[in-house]
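> I would like to see how this sequence folds:
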Amino acid sequence: MPRFFFLLLSTGMLLAAPSYAQRVAVLKFPALQQRLTRPSDTTYIVNFWATWCGPCVQEMAGFEKVRAAQVGKKVKFVLVSLDYVAQLDKKVKPFVQKHSLKSEVLLLDETDPNTWLQKVDRQWSGSIPFTLIYNNHTKKRATFEHPLTAAELTAELRKFL
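Reported below is the predicted structural model:
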């Protein structure tokens, strides 16, 4: 009987234990815009991407490599998924887990990019990947409407540090 009790108890614990998955916050553009404009001396790297975008997926490992090299510095990486909200549990969260992303991941809950695209950057045509590097304290800003390698991202980030 004790073995059965132990088996039952351990099975219950396994079922009750939450599976680890990176949290992916879903937000509307006004909340993202508020984050983009908040006063801070931190340099932000904001990458707009999607799970279905081949070039976005290819550059992700490089972004994570650069992020790991910046630990302890005033640099923050934010990955903004443009997947549909309905894909959050089916595609976005599994992608984040599969690729072991440690950067903050957000899912932008907007269906019409024409309502917010130009508010991120007036020159952005809408293609992805799109990366915005900015520091509101120094008022420095750079944008890239193409994939970036780890070396390119590091070189651009150095201009902010």
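> Every contact and neighbour count from this point should use C-alpha atoms.
Fine.
> export the helix or strand hosting residue 60 as CSV, just CAs?
Here residue 60, judged by DSSP states H and E, is contained in helix 54-69. In CSV, the C-alpha atoms belonging to helix 54-69 read as follows (Å, rounded to 0.1, in the frame of the first residue of the first chain):
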residue,chain,number,x,y,z
GLY,A,54,11.9,32.8,-42.5
PRO,A,55,14.4,35.6,-42.1
CYS,A,56,12.9,36.5,-38.7
VAL,A,57,13.5,32.9,-37.5
GLN,A,58,17.0,32.8,-38.9
GLU,A,59,18.1,36.0,-37.1
MET,A,60,16.6,34.9,-33.7
ALA,A,61,19.6,32.9,-32.6
GLY,A,62,21.9,35.9,-33.2
PHE,A,63,19.7,38.2,-31.2
GLU,A,64,19.8,35.7,-28.3
LYS,A,65,23.5,35.5,-28.5
VAL,A,66,23.9,39.3,-28.4
ARG,A,67,21.4,39.5,-25.5
ALA,A,68,23.4,37.0,-23.5
ALA,A,69,26.5,39.1,-24.0
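> what comes into contact with that helix?
49-51, 76-77, 99, 101-103, 128-129, 147-150, 153-154 (C-alpha atoms under 8 Å, 6 or more residues apart in numbering).
> Now restrict these to buried residues only.
49-51, 76-77, 101-103, 128-129, 147-150, 153-154 (16 or more other C-alpha atoms under 10 Å).
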